[in-house]
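> Just the structure for this:
(chains A, B, C and D)
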2 protein chains.
Amino acid sequence: MPNILVADDHELVRDTIAAYLGQQDDFQVETTNGLAEARTLIEGIVPFDLAILDYHMPGMDGLEGLERAMKDFPHIKFVLMSGVAKPEIAREAMAMGASGFLPKSAAAKSMVNAIRFVLAGEQYFPYALTGVETQKPDSFGGLSTREIETLEHLCTGASNKEIARALDIAEVTVKLHVKNILAKLNVSNRTQAALIAKENGLF
Amino acid sequence: MPNILVADDHELVRDTIAAYLGQQDDFQVETTNGLAEARTLIEGIVPFDLAILDYHMPGMDGLEGLERAMKDFPHIKFVLMSGVAKPEIAREAMAMGASGFLPKSAAAKSMVNAIRFVLAGEQYFPYALTGVETQKPDSFGGLSTREIETLEHLCTGASNKEIARALDIAEVTVKLHVKNILAKLNVSNRTQAALIAKENGLF
DNA sequence: GGCAAACCTATACCAAAGTATATAAACCTA
DNA sequence: TAGGTTTATATACTTTGGTATAGGTTTGCC
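Here you go, the predicted model:
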């Protein structure tokens, strides 16, 4: 019997999903409210086949938590779940090697089918998100490619040093990009830049 | 057998809640994805006892939809449900005469108990939201009043100096507050603090 | 070839952010 | 009254952020 782990910090969502899945007699379901707890459970005695992780959840850190988890537990299939469902996030997760993406707007039946599909070794990706036209914002406020990438990291609250490591460039260069971003977006610090990027629905 | 209507535009949430409630042998559950459809169902043949309405749902228009529904169907008990859970909204709904408020962060068991409670003719209101006097988010991550005020300015991208001027305190004091905020929210800089505050629907 | 633009690095400097301790008044509560 | 919490301030310090200037690549275009 497949063992499934549902990790979400909203108890209501978590419990109801688990209850729904548990109703299906061929699923065994456990739940947790954060990534750290999920990792502990996975490292435990009971072997899990599939883990459903909420995108907004303590410890996730954007997609980093998912990436780490996939790296640390390569034998487990991971499915990302999100209510806000930005297509790029979903695609990025899939690109990382996630087994699937579940928008919370999906029907419960679709969810169960998707989970079966994933357990069968396939990748599940909602048709609605395959639209190609909504890729990365390639022009926002006249920002260059590298500046967009920098802004993206800025929106996670990363420091210049962290951004430098992520983009594999020197910290001074990041500072340059940040300075240009602030000028082009006409704001005075990184926090404001992150805020208006978010407000404009980026990332 | 009590008849319950669950209206939410997220199919996953809706279906799983309905399934969870339906499991309880003394509940009969129907679902819809918007207020208009909910009203149609209520006006139909099947008599409903209780309607659970999502705050973010087509036709709700903030609390106006709830108010209209309560006026038009005074014989039905209405419970408001929300994931973002601003205390003021909950209180306002209760003040309007709603029978209860369900934050999505509630446990599934609490939900069922709350529903029984409401069906018994009582009003259900989560203990965590009972802080009455302040309209502002008065409890978030265990932040104090002053820390909340500081966080609010943080969310505009203000500098410590600007916050100090706004709150009429010394800049060092602002630094203290910021430091405590970062610790309590478990983040490492002001940008992350602002981001997660926004994500949690504050300010 | 020459030129512009995006990209990267370096040095240096100053401002702002964040940490660490210590002190103290106001307030609530046991 | 004693003790805890919140708020506030101060001094001192380290780290990070942001600016300025000067060069150095690569790419592509006229």
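> confidence score at the residue most central in space within chain A?
Among the residues of chain A, the one closest to the centroid is A:Leu63, at 4.0 Å (Cα atoms, centre = their mean). Predicted confidence (pLDDT) for A:Leu63: 86.
> Show the contacting residues for it.
Contacts for A:Leu63 (Cβ atoms under 8 Å, 6 or more residues apart in numbering or on different chains) come out as A:Tyr55, A:Leu80, A:Ile89, A:Glu92, A:Ala93, A:Met96. C-beta here means a position set from N, CA and C on the backbone, and glycine is covered the same way.
> Among those, which ones are in strands?
Among these, DSSP state E puts A:Leu80 in strands.
> any idea which of the contacts of A:Leu63 is closest to B:Phe27?
A:Tyr55 (31.0 Å; Cβ to Cβ).
> returning to what we had before: and the contacts of A:Leu63, which of them are in helices?
Per DSSP state H, helices hold the following members of the contacts of A:Leu63: A:Ile89, A:Glu92, A:Ala93, A:Met96.
> A:Ala95 is in contact with the first one, correct?
No - taking contacts as Cβ atoms under 8 Å, A:Ile89 lies outside contact range of A:Ala95: 10.6 Å.
> Give me the more crowded residue out of these two.
A:Ile89 (19 against 10; other Cβ atoms under 10 Å in any protein chain shown).
> what's the distance between the more buried one and B:Ile45?
44 Å (Cβ to Cβ, to the nearest Å).
> Repeat that for A:Ala18.
34 Å.
> what do you get for A:His56?
40 Å.
> more neighbours, these two?
A:His56 (16 against 5).
> Hmm, that one is touching A:Gly83, no?
Yes - contact criterion Cβ under 8 Å: A:His56 and A:Gly83 qualify, at 7.5 Å.
> now, among the ones in helices among the contacts of A:Leu63, which is nearest to A:Gln23?
The closest of these, once distances to A:Gln23 are taken by Cβ to Cβ, is A:Ala93, at 27.0 Å.
> Contact residues of chain A facing chain B?
Within chain A, the positions adjacent to chain B are A:9-13, A:15-17, A:19-20, A:23, A:56, A:83, A:102-109, A:111, A:154-157, A:159, A:187-195, A:198 by Cβ under 8 Å from any Cβ of the partner chain.
> Derive a PyMOL selection command for the buried subset of those.
Per 16 or more other Cβ atoms under 10 Å in any protein chain shown, the buried members of those correspond to this PyMOL selection:
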select buried, chain A and resi 9+10+11+12+13+15+16+17+19+20+56+83+102+103+104+105+106+108+111+154+155+156+157+159+187+190+191+192+193+194+195
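> can you pull the contacts of the closest residue to A:Ala36 other than its chain neighbours?
Of all residues not flanking A:Ala36 in the chain, A:Gly59 sits nearest, at 4.9 Å (Cβ to Cβ, 6 or more residues apart in numbering or on different chains). Contacts of A:Gly59 were listed using Cβ under 8 Å, 6+ apart, and they are A:Gly34, A:Leu35, A:Ala36, A:Gly65.
> ok, and which of the residues you listed reach DNA strand C?
Counting by Cβ under 7 Å from any atom of the strand, nothing from the contacts of A:Gly59 sits close to DNA strand C.
> Which single one of the residues you listed is nearest to B:Leu41?
Among the contacts of A:Gly59, and counting by Cβ to Cβ, the member closest to B:Leu41 is A:Gly34, at 37.2 Å.
> The closest one touches A:Ala7, doesn't it?
Yes - at 6.8 Å, A:Gly34 counts as touching A:Ala7 under the criterion of Cβ under 8 Å.
> Go through chain A and flag its longest helix.
Under DSSP H, chain A gives helix A:171-185 as its longest helix.
> How about the next helix or strand after that one and DNA strand D, touching?
Toward the C-terminus, helix A:171-185 is succeeded by helix A:190-199 as the next helix or strand (DSSP states H and E). Yes - Helix A:190-199 is in contact with DNA strand D by Cβ under 7 Å from any atom of the strand, via A:Arg190.
> A:Ile169: neighbouring residues, count only.
16.
> hang on, A:Ala51 in a helix?
No - secondary structure of A:Ala51 (DSSP: H, G, I helix; E, B strand; the rest coil): strand, not part of a helix.
> check contacts around A:Ala19.
Contacts of A:Ala19 by Cβ under 8 Å, 6+ apart are B:Thr16, B:Ala19, B:Tyr20, B:Gln23, B:Ala108.
> These in helices, which ones?
B:Thr16, B:Ala19, B:Tyr20, B:Gln23, B:Ala108.
> Can you give the domain ranges for chain A?
The record assigns chain A these domain ranges, following automatic domain parsing: A:3-129, A:145-199.
> if you average pLDDT over each of those, which comes out lowest?
Across the domains of chain A, the lowest-scoring stretch is domain A:3-129, with a mean of 79.
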